[in-house]
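Chemist: One predicted model, sequence on top.
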Amino acid sequence: MTATAMTVSPQDAAKYEEKEFGFWLYLMSDAVIFACLFATYLVMVGNTAGGPTGNELFSLERAAGETALLLFSSTTFGFAAVALSAGERSRVLLWLAVTFVLGAGFIFLEFGEFAGMIAQGAGPDRSGFLSAFFTLVGTHGLHVSIGLLWILVMIGQVVVKGLTVPVASRLMRLGLFWHFLDIIWVVIFSVVYLPGLL
Amino acid sequence: MDVTSGIPVERTIKPYLIGIVLALILTAIPFGIVAFGALERQTALIVIAVLAVIQILVHLRFFLHIDFKSTPRENLVALAFAVVLICIMVGGSLWIMFDLYHRMMV
């Protein structure tokens, strides 16, 4: 399939632009939700109730690893978007798969971090600080998990339906979602991990 | 990226390569500051915050392709509105809660 095969009628073009705008509004409201969670975290960060602080719990190496995985996954998703525009189905599938593996690596690291903290008695019930931490970082992790599921669904659609216009439109919205989560992570390491370890 | 058919067309990987290089630099500096304890706490926090804001702009420009030419106007308005809301809510929450904290501690 070539790029010219993806030309759509003006009505359809308007429809897909509307869908992208609607999804953009969702992302903006999601950003507001995250902003509230960040504000809550900043208010609660000192309330450790005699429990462990971020300095004792966070690992700079792990945070750097998680950051690298998400950054590279954003780039590889970009490669999938470029392959999509070129109409190269196998390269779209390849880069979607690479993005999935990188994202899954991120979730694996984060899951290990959460499990380790809970195992040493630093779960969300330990202090206000940890409640806010698990809510904020956990909400981001949940978003990434849903993004991973969405990538799998889109890999399935590309395999079954090919690079049709609706599939391409969904892939572009998935891209917005994935890049958006990367931005949230930049704020998380700048607000949670780095100040905590300073 | 040009939007001719409603489906954005991205012809080159160049913006993503520029984006990842800038993002890696803007990530390595704050991590380096924390790893080596190069700056005193207050200065370090300011540098981390400034670099985070720059990195968000880099992501918006090179990964999400936001610019003032091709991005639809409504999307930019929605983005600006979200930024205003976020500033009011985060700034307002911190102002109220820390003001309250100081008054309770006196």
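Modeler: The structure has been received and is ready for your questions.

Chemist: Give me the residue at the spatial middle of chain B.
Modeler: Chain B has residue B:56 as the residue nearest its centroid, 2.5 Å off, counting by CA atoms, centre = their mean.

Chemist: Contacts (any at all) between chain A and the helix or strand containing it?
Modeler: Applying DSSP states H and E as the criterion places residue B:56 in helix B:41-58. Yes: using CB under 8 Å from any CB of the partner chain, helix B:41-58 reaches chain A at B:41, B:44, B:45, B:48, B:49, B:51, B:52, B:55, B:56. All C-beta atoms are positioned from the backbone trio N, CA, C, and that covers glycine.

Chemist: ChimeraX command for the buried members of these?
Modeler: To isolate the buried members of the residues of helix B:41-58 next to chain A in ChimeraX, using 16 or more other CB atoms under 10 Å in any protein chain shown:
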select /B:44,45,48,49,51,52,55,56
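
Chemist: which non-adjacent residue is nearest residue A:49?
Modeler: Among residues not flanking residue A:49 along the chain, residue A:127 sits closest, at 3.9 Å (CB to CB, 6 or more residues apart in numbering or on different chains).

Chemist: Measure how buried the one you found is and give me the count.
Modeler: 20 (other CB atoms under 10 Å in any protein chain shown).

Chemist: cool, and residue B:94?
Modeler: Using other CB under 10 Å, residue B:94 has 14 other residues around it.

Chemist: correct me, but residue B:61 touches residue B:67?
Modeler: Yes: if you go by CB atoms under 8 Å, residue B:61 and residue B:67 touch, sitting 6.7 Å apart.

Chemist: which residues in the chain form helices?
Modeler: You didn't say which chain, so I picked chain A. For chain A, the helices defined by DSSP state H occupy A:10-44, A:54-57, A:60-85, A:89-119, A:128-161, A:165-188, A:194-197.

Chemist: Actually, chain B is the one I wanted.
Modeler: With DSSP H as the criterion, chain B has helices spanning B:14-36, B:41-58, B:73-105.

Chemist: how about TSV for those, with distance to residue A:24 and mean pLDDT added?
Modeler: What follows is the helices of chain B, written out as TSV (distance: least, CB to CB, whole Å; pLDDT from 0 to 100):
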stretch	distance to residue A:24	mean pLDDT
helix B:14-36	19	96
helix B:41-58	16	97
helix B:73-105	5	94
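
Chemist: Dump these to JSON lines, plus distance to residue A:120.
Modeler: JSON lines is the format used below for the helices of chain B (distance: least, CB to CB, whole Å):
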{"stretch": "helix B:14-36", "distance to residue A:120": "22"}
{"stretch": "helix B:41-58", "distance to residue A:120": "26"}
{"stretch": "helix B:73-105", "distance to residue A:120": "29"}
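
Chemist: what about the residue nearest to the centre of chain B, distance to residue B:62?
Modeler: 11 Å (CB to CB, to the nearest Å).

Chemist: Check residue A:104 too.
Modeler: Distance from residue A:104 to residue B:62, by CB to CB: 24 Å.

Chemist: Of the two, give the one with the bigger neighbour count.
Modeler: Higher neighbour count among residue A:104 and residue B:62: residue B:62, with 23 against 16, using other CB under 10 Å.

Chemist: hang on, that one packs against residue B:14?
Modeler: No: contact criterion CB under 8 Å: residue B:62 and residue B:14 do not qualify, at 9.1 Å.

Chemist: Could I get the phi/psi values of residue A:48?
Modeler: phi -90, psi 0 (degrees, to the nearest 10).

Chemist: and if you look at the one 10 residues further on?
Modeler: When read as degrees, to the nearest 10, the backbone of residue A:58 gives phi -80, psi 150.

Chemist: just checking, it touches residue A:195?
Modeler: No: Residue A:58 lies out of contact with residue A:195 (CB under 8 Å); the separation is 9.9 Å.

Chemist: Show me chain B divided up by domain.
Modeler: With automatic domain parsing as the criterion, the domains of chain B are listed as B:1-70, B:72-106.

Chemist: and the last one, how far from the chain's centre?
Modeler: Average the C-alpha atoms of domain B:72-106, do the same for its chain, and the two points are 15 Å apart (CA atoms, centre = their mean, to the nearest Å).

Chemist: Next, see if that domain gets close to chain A.
Modeler: Yes: residues of domain B:72-106 contacting chain A under CB under 8 Å from any CB: B:72, B:74-75, B:78-79, B:81-82, B:85-86, B:89-90, B:93-94, B:97-98.

Chemist: For residue 41, give me its contacts.
Modeler: This is for chain A. Residues near residue A:41 by CB atoms under 8 Å, 6 or more residues apart in numbering or on different chains: A:132, A:133, A:135, A:136, A:191, A:192.

Chemist: wrong one, chain B
Modeler: residue A:198.
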